[in-house]
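Participant: With the sequence up front, the predicted model follows.
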Amino acid sequence: MFNIQNKYTSFGCYRFLDSQAKTIYIGSSKNIHRRLFSQHFKKGHLPQICYDNTYKIEIVKTKDYAEALAFEIWAIDQYKPKFNKKDKSKDIFRTSFYDNELYYRKLDKCWKLYYTFKEYDFNKIKISKLQNRVALAGTYIFFIVLIGYMLRSVL
């Protein structure tokens, strides 16, 4: 669905930017590409309006997942994205911010563009989700008819 030449499949953080380049969501992952395009944009846990408003995705590569989690918490604290619900400021990694503040500030300058959405990308996503709903509805109807047929033959 998405034409990405260099798929990044390792540790890091990602952020969703709207059309005004404002950070609207920040996350971390052990495999950024899989998280973004198999989880978020197929069956995401965020409100649909977040995906609809995402114009660009940027990533920061990290050495390991612990660093990605710690940087995610720091970045959420800095940017305060509107679609990050969980208050991560009380997280266990928060205590190390004072020691790593300079490092995180340097890492914050390393965001790289990963993907820019085009209008047809959103249409493909919407069509795919609609097809899934239609298929699910068809399955429900089939089972209702099947149960009705079985009940009629029993009675």
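Facilitator: Cool, the structure landed.

Participant: Quick one: residues contacting the residue most central in space within the chain.
Facilitator: Taking C-alpha atoms, centre = their mean, the centroid of the chain lies closest to residue 40, which sits 3.7 Å from it. With contacts defined as C-beta atoms under 8 Å, 6 or more residues apart in numbering, the neighbours of residue 40 are 27, 46, 51. No exception for glycine: its C-beta is placed from N, CA and C like everyone else's.

Participant: Can you tell me the SS state at residue 45?
Facilitator: Following DSSP: H, G, I helix; E, B strand; the rest coil, residue 45 is assigned to coil.

Participant: quick one, what contacts it?
Facilitator: Residue 45 is in contact with residue 39, counting by C-beta under 8 Å, 6+ apart.

Participant: per-residue pLDDT, it?
Facilitator: pLDDT recorded at residue 45 is 85.

Participant: swap in residue 3?
Facilitator: Reported pLDDT for residue 3: 58.

Participant: Of the contacts of residue 40, which is the most crowded?
Facilitator: residue 27 (22 neighbours; other C-beta atoms under 10 Å).

Participant: So that one belongs to a helix, correct?
Facilitator: No. Applying three-state DSSP, one finds residue 27 to be strand, outside a helix.

Participant: Thanks again, I'm all set now.
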